[in-house]
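got a predicted structure here, sequence first:
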Amino acid sequence: MAKRVHTDLTIRGTTYPDAASAARALGVTPEAVRSAARKGRLDRVGTGRKGLAPMPVRIRGEVFTDAHAAAARFGVTPQAVWRALADGDPDRIGRPQRRPGRAPKPFEIGGLRFASQRKASRALGFSDDYLSHALTRGGHAR
């Protein structure tokens with residue numbers, strides 16, 4: 001008989017002499033306990049949670065259980081949290097953007113004044129960018 005590799009397993013504060021006794025106590029198979037021990041995930045044996053463990057997220061010194069909790073706290077999407085983490089700048093989450101959009105330039109055509117070319121295009125019944133294209137390309141439309 002082979003020597004037992006997985007002995008004295010401590011799972012959530014309780015120490016079990018081997019995988020079989022841990023499996024009986026937790027309601028799982030001994031192979032599930034051995035597999036978790038190999039992967040270093042004994043904390044999840046018998047909890048019913050499968051898949052990857054949620055990654056804790058730290059933003060401005062505050063620790064969240066996962067990206068979804070951080071997103072709910074700052075009013076952004078989880079994708080925004082993951083993107084900021086991937087960029088290495090999680091502290092930017094929930095703050096104003098660094099580069100605000102350009103302010104629209106006032107536009108005048110035929111004696112009418114508009115806040116921007118886009119608003120003029122809409123007011124005159126054209127697509128949003130019609131005047132912009134017409135004025136830059138010249139020709140008959142201009």
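Structure received.

pop out the phi and psi values for D18.
Phi and psi for D18, reported as degrees, to the nearest 10, are phi -150, psi 180.

which SS state does R83 fall under?
Classification of R83 using DSSP: H, G, I helix; E, B strand; the rest coil returns helix.

OK, contacts around it?
Shown in contact with R83 (Cβ atoms under 8 Å, 6 or more residues apart in numbering): no residues. From N, CA and C alone the C-beta is placed, and that goes for glycine too.

and it, how far is that from R58?
For R83, the distance to R58 equals 16 Å [Cβ to Cβ, to the nearest Å].

ok, V81 - contacts?
The contact partners of V81, taken as Cβ under 8 Å, 6+ apart, are 57, 59, 67, 70-71, 74, 90, 93.

need the max-distance pair from those residues.
A71 and P90 (11.6 Å; Cβ to Cβ).

may I see the buried residues of the least confident helix or strand in the chain by mean pLDDT?
In the chain, no helix or strand scores lower on mean pLDDT, DSSP states H and E than helix 130-137, which sits at a mean of 81. Buried residues in helix 130-137, defined by neighbour count with 16 or more other Cβ atoms under 10 Å: 130-132, 134.

kindly report the same for stretch 110-118.
Residues 114, 116-118 are the ones in stretch 110-118 that count as buried (16+ other Cβ under 10 Å).
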